[in-house]
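Colleague: Got a predicted structure here, sequence first:
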Amino acid sequence: MSTTTRSTTPPAGFIMPDFGDKGRAAPSTNGTPGTATAAEGAGAPAYSGPRKMAFICSKGNLDMAYPALIMGNAALGEGVEVHIFFTFWGLDIVNTRTNDKLKFTLSGNTAMHMPDLGRIKPGLEHVSMPQALGNLPGMTGYATRMMNKQMEEQEIPTVPEFLDLLQASGAHMYACRLTYDMMKLLEADLHPGVEGVISAGDFIDIAEGAQVVFV
């Protein structure tokens, strides 16, 4: 029987990002985790600058609005510098005419489950809802109300309230210039926490050195 040795050498041109040593246990030479000195590390010096995260929000559905807002808020709580760029349909999240009316739909969402069905028969809460249900009249409104109810039960703020929270906590938020012009928006339409309408290139400059999360 032959054995295969898997190479641990990265391919040419591959650069492993360095996210620093926050939360990473230091190696030990005496069997006790976390007791090694800096000189005993892997070789490359640990990143010593402030942590920075950049989120790109490109979706305008209710369920796609929350991931970046929740992660951004969590990062701020850890002292991480946070920048959020809203582009294409993600601009609906910071558009005050739409951000309190975001919808949730079953259509195209194979991960949609209904926890309450578990009361009827255990296991049904894990079954994906049929996609055809999303095309029924009134189903999007029902699904949206159900999701809002579940978020409220978890004491999760609404999208406008979350934006207020992020603004108060020091998050930097930007609207995409291309989308802003395409949708013919006005600055008065944007949430007050939006610091400016900038290009994709501008945000790339702002996000230099950051962990980037695309939603």
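Modeller: On my side now, so go ahead.

Colleague: For the residue nearest in space to the middle of the chain, identify the helix or strand it belongs to.
Modeller: Centroid-nearest residue in the chain: Ala68, 2.7 Å away (criterion: CA atoms, centre = their mean). Here Ala68, judged by DSSP states H and E, is contained in helix 62-77.

Colleague: got a pLDDT number for the residue nearest to the centre of the chain?
Modeller: We have a pLDDT of 93 for Ala68.

Colleague: before we move on, back to that, which strands and helices sit next to the helix holding Ala68?
Modeller: strand 52-57, strand 81-86, helix 139-153, helix 159-169 (3 or more CB pairs under 8 Å, 6 or more residues apart in numbering; DSSP states H and E). For every residue, glycine as well, the C-beta is placed using N, CA and C.

Colleague: closest to Asp116 out of the ones you listed?
Modeller: Of all the helices and strands packed on helix 62-77, it is helix 139-153 that lies closest to Asp116, at 8.5 Å by CB to CB.

Colleague: just the angle between the closest one and helix 159-169, please?
Modeller: Interaxial angle, helix 139-153 versus helix 159-169 (axes from the mean of the first three to the mean of the last three CA atoms, to 10 degrees): 40 degrees.

Colleague: for helix 139-153, packing partners?
Modeller: helix 62-77.

Colleague: weakest of the helices and strands packed on helix 62-77 by average pLDDT?
Modeller: Minimum mean pLDDT among these: helix 139-153, a mean of 83.

Colleague: Need the CA coordinates for that one. PDB is fine.
Modeller: This file holds the C-alpha atoms of helix 139-153, laid out as PDB (Å, rounded to 0.1, in the frame of the first residue of the first chain):
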ATOM      1  CA  MET A 139     -45.400  34.900   1.200                       C
ATOM      2  CA  THR A 140     -42.600  37.400   1.100                       C
ATOM      3  CA  GLY A 141     -44.600  39.600   3.500                       C
ATOM      4  CA  TYR A 142     -45.200  36.700   5.800                       C
ATOM      5  CA  ALA A 143     -41.600  35.500   5.800                       C
ATOM      6  CA  THR A 144     -40.400  39.100   6.500                       C
ATOM      7  CA  ARG A 145     -42.700  39.400   9.500                       C
ATOM      8  CA  MET A 146     -41.600  36.100  10.800                       C
ATOM      9  CA  MET A 147     -37.900  37.000  10.500                       C
ATOM     10  CA  ASN A 148     -38.500  40.400  12.100                       C
ATOM     11  CA  LYS A 149     -40.300  38.700  15.000                       C
ATOM     12  CA  GLN A 150     -37.500  36.200  15.500                       C
ATOM     13  CA  MET A 151     -34.900  39.100  15.500                       C
ATOM     14  CA  GLU A 152     -37.100  41.000  18.000                       C
ATOM     15  CA  GLU A 153     -37.200  37.900  20.300                       C
END
